[in-house]
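Kindly generate the corresponding structure for this input.
(chains A and B)
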Protein chains: 2
Amino acid sequence: MKSLNPEHHNFQSHLKKLSGLVEDRLSVCFSGLSVPAELYESMSYSLLAGGKRIRPVLFLSWAEMLGTEPDKILDFACGIEMIHTYSLVHDDLPAMDDDELRRGRPTNHKVFGEALAILAGDGLLTHAFHMMACTDLPAADVLAACAEISRAAGPAGMVGGQVVDIMATRSNKMDLDSLKKMHSMKTGALIRSSCVSGALLAKSRGAGKIDAANAVSFGESIGLAFQIVDDILDVIGDEKSLGKQVGSDESRDKATYPRFFGLEASKKLAQESVDRAKKSLAPYHGKEKNFLMDLSQYVVDRVC
Amino acid sequence: MKSLNPEHHNFQSHLKKLSGLVEDRLSVCFSGLSVPAELYESMSYSLLAGGKRIRPVLFLSWAEMLGTEPDKILDFACGIEMIHTYSLVHDDLPAMDDDELRRGRPTNHKVFGEALAILAGDGLLTHAFHMMACTDLPAADVLAACAEISRAAGPAGMVGGQVVDIMATRSNKMDLDSLKKMHSMKTGALIRSSCVSGALLAKSRGAGKIDAANAVSFGESIGLAFQIVDDILDVIGDEKSLGKQVGSDESRDKATYPRFFGLEASKKLAQESVDRAKKSLAPYHGKEKNFLMDLSQYVVDRVC
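The predicted model follows:
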């Protein structure tokens, strides 16, 4: 009966609207550029493979709640999704996780070969910064948001997190502290900085340091919840709906939340983290705040 | 007797000063960041492996000629060198050129393995944009320079050029037009945009559209000369001084300028291109202009 709930209906339709805006812009993001056909195919294959677009939606929602319309910052949103996509393409490579399936389809290197997969990742990452830098808002705000995203995606963030992951998997030594650190760098940093850069791009509309700080604590909590849920889904998920081999993390002795805490306690931890995220929204009001509240719950509703 | 020529002495000492500034800043560019030790080692191994630092020096020289002191834009200069370094690390990978030596030492993946080499490249590329975005000059100028560099390094520039190179090498079909296109994307774009972004970061000092246009035509000519010289060095160079296997391009049937034109005509083409670069400097004067004139000649003096 959930679909008859008007709040729920509003959430679903706004989520569809925001992710649809991102999807549409992504489909034309290389137009006007003279890109070799093979590279264009390889980048588009992974970029337009569906996905929840959760990072750009979080980014757009924070900016919207603080007064910036999504239309004005779509290129920046696409840049964030490109960075996420590049990281998946490179993580799947034979030298890394050596995965064959992603979102129900063969991984990029399975279709285009390793060289093109590496270069597609490089192209997506570089073009991401181009799209972000071309955002038509006050330059100081755009630059601050670019600095925020590049820090989160870099050696002390996402890239570093993948190194921690690989090293721990190889040595089969990942304690709970390492797991938390790895998640916070590999997944948490970009999710957090998506929220923060949304707040930064609303600065000229009156958003201030307190808003950015609220976005940090919201983003950290939602990032943690997101990763715990991903760990849980790997255990209980359905191969068809996830599009990857279920249990693949466990079968390679990967450390996950369910492995340290069990399934039920992990679900509880995820919900607690979402509740903390919701608390960070206390200073705000209106339908944009309600959307972010529902979006937070949506992250764990996949399993809880 | 060249070293007794006072002009020559000034050139050498200023070249040493500028590349020394870049070198010093590069050696501390990850300080303050919490980077996993293995990643730090792998990035530093390639970043601090010497090299001519020609791109950041071109960048600094253009900015200096138009009134911006090198000290203020060193982080941006380091970002450009990081992008160059990441491209070498990824190009050397087994899935790409599969090279074992670079600058006289084993390539990154030979020392750290493929996974870390891919991630070191990703980390250098991402941190490059962080350093550029943190440049403390008027935000609109910094943003324009970031947009310029990211376009040149991206799918329609450097990354695309590597795809053209790989595809042509695999199919063994590279005509002169493809060779020119490949060089202009793979090597020329970043060299040109190094000059242009130097001009853009002098905008608040009075540099204008004409200066940026002069930097474009200078950068295109010097980029072409640089690549022709690299092709020539591959044929006549000395294994020890180059640090890579001489004839390695030819042995894999790679298209090069000497292969299409012969050695002497290639040298002539390189010098003609440098002469065109020098002509773009006609509107300028003073010792900064003289330095760029000498720097242009320096690019071909390695062989001509």
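
quick one, what contacts the residue most central in space within chain A?
Nearest residue to the geometric centre of chain A (C-alpha atoms, centre = their mean): A:Arg55, 3.9 Å. By C-beta atoms under 8 Å, 6 or more residues apart in numbering or on different chains, the contact set of A:Arg55 is A:Ile80, A:Glu81, A:His84, A:Leu190, A:Ile191, A:Ser194. All C-beta spots, glycine's among them, are computed from the backbone N, C-alpha and C.

Likewise for A:Ala199?
A:Trp62, A:Ala63, A:Leu66, A:Ala207, A:Asp211, A:Ala212, A:Asn214, A:Ala215.

The third one - nearest residue in space that isn't next to it in sequence?
Distance criterion C-beta to C-beta, 6 or more residues apart in numbering or on different chains; nearest residue to A:Leu66, sequence neighbours excluded, is A:Ala202 at 3.5 Å.

before we move on, the earlier item: so which two of the contacts of A:Ala199 are the farthest from each other?
Greatest spatial distance among the contacts of A:Ala199 (C-beta to C-beta): A:Ala63 and A:Asn214, at 13.3 Å.

which parts of stretch A:265-285 are buried?
By neighbour count on 16 or more other C-beta atoms under 10 Å in any protein chain shown, the buried set for stretch A:265-285 is A:266-267, A:269-271, A:273-274, A:276-278, A:280-281, A:284.

Would you mind telling me which of A:Ala63 and A:Asn214 has more residues around it?
Just comparing A:Ala63 and A:Asn214: by other C-beta atoms under 10 Å in any protein chain shown the higher neighbour count belongs to A:Ala63, 29 against 23.

Now for the more buried one, which secondary structure element holds it?
Using DSSP states H and E, A:Ala63 maps to helix A:54-65.

Now do that helix: distance to the chain's middle.
How far helix A:54-65 lies from its chain's middle: 11 Å, per C-alpha atoms, centre = their mean, to the nearest Å.

can you check stretch A:225-237 too?
14 Å.

So stretch A:155-167, near chain B or not?
Yes: counting by C-beta under 8 Å from any C-beta of the partner chain, chain B is contacted by stretch A:155-167 at A:Pro155, A:Ala156, A:Met158, A:Val159, A:Gly160, A:Gln162, A:Val163, A:Val164, A:Ile166, A:Met167.

Also stretch A:39-53?
Yes: for stretch A:39-53, a contact with chain B is found by C-beta under 8 Å from any C-beta, at A:Leu39, A:Tyr40, A:Met43.

now do stretch A:171-184
No: against chain B, stretch A:171-184 shows no contacts by C-beta under 8 Å from any C-beta, the least distance being 9.4 Å.

Quick check: phi and psi at A:Arg102.
Torsion angles at A:Arg102 (phi, psi; degrees, to the nearest 10) stand at phi -150, psi 120.

Let's see the pLDDT reported for A:Asp301.
On pLDDT, A:Asp301 comes in at 88.

Tell me how many other residues crowd the spatially closest residue to A:Val164 that is not a sequence neighbour.
Counting by C-beta to C-beta, 6+ apart, A:Met182 is the residue found nearest to A:Val164 once chain neighbours are left out, at 4.4 Å. A:Met182 has 25 neighbouring residues, counting by other C-beta under 10 Å.

what's the distance between A:Asn214 and B:Leu179?
55 Å (C-beta to C-beta, to the nearest Å).

cool, and A:Ala115?
Distance from A:Ala115 to B:Leu179, by C-beta to C-beta: 19 Å.

The two: which has the busier surroundings?
When neighbours are counted by other C-beta under 10 Å, A:Ala115 comes out ahead of the other of A:Ala115 and B:Leu179, with 24 against 21.

just the angle between the host helix or strand of the more buried one and helix B:114-133, please?
Per DSSP H and E, A:Ala115 falls inside helix A:114-133. Put simply, helix A:114-133 runs at 20 degrees to helix B:114-133, going by axes from the mean of the first three to the mean of the last three C-alpha atoms, to 10 degrees.

Show me what the helix or strand following helix A:114-133 is packed up against.
With elements assigned by DSSP H and E, the helix or strand that comes after helix A:114-133 is helix A:139-153. Judged by 3 or more C-beta pairs under 8 Å, 6 or more residues apart in numbering or on different chains; DSSP states H and E, helix A:139-153 is in contact with helix A:74-91, helix A:114-133, helix A:189-200, helix B:114-133, helix B:139-153.

rerun at 10 Å
In terms of contacts (3 or more C-beta pairs under 10 Å, 6 or more residues apart in numbering or on different chains; DSSP states H and E), helix A:139-153 is packed against helix A:54-65, helix A:74-91, helix A:114-133, helix A:158-171, helix A:189-200, helix A:209-236, helix B:114-133, helix B:139-153.

ok now it, how far from the chain's centre?
On C-alpha atoms, centre = their mean, the centre of helix A:139-153 falls 16 Å from that of its chain.

what about it, average pLDDT?
Here the average pLDDT along helix A:139-153 is 98.

Now that helix: buried residues?
Per 16+ other C-beta under 10 Å, helix A:139-153 contains these buried residues: A:139-153.

Confirm that A:Lys267 sits in a strand.
No: applying DSSP: H, G, I helix; E, B strand; the rest coil, one finds A:Lys267 to be helix, outside a strand.

for A:Met174, phi and psi?
The phi/psi pair for A:Met174 (degrees, to the nearest 10) is phi -130, psi 110.

Need the phi and psi values for A:Gly157.
Torsion angles, degrees, to the nearest 10, at A:Gly157: phi -130, psi -120.

Isn't the residue nearest to A:Val164 up against A:Leu224?
No: A:Met182 lies out of contact with A:Leu224 (C-beta atoms under 10 Å); the separation is 11.9 Å.

where do the contact lists of those two overlap?
Counting by C-beta atoms under 10 Å, 6 or more residues apart in numbering or on different chains, the contacts common to A:Met182 and A:Leu224 are A:Gly188.
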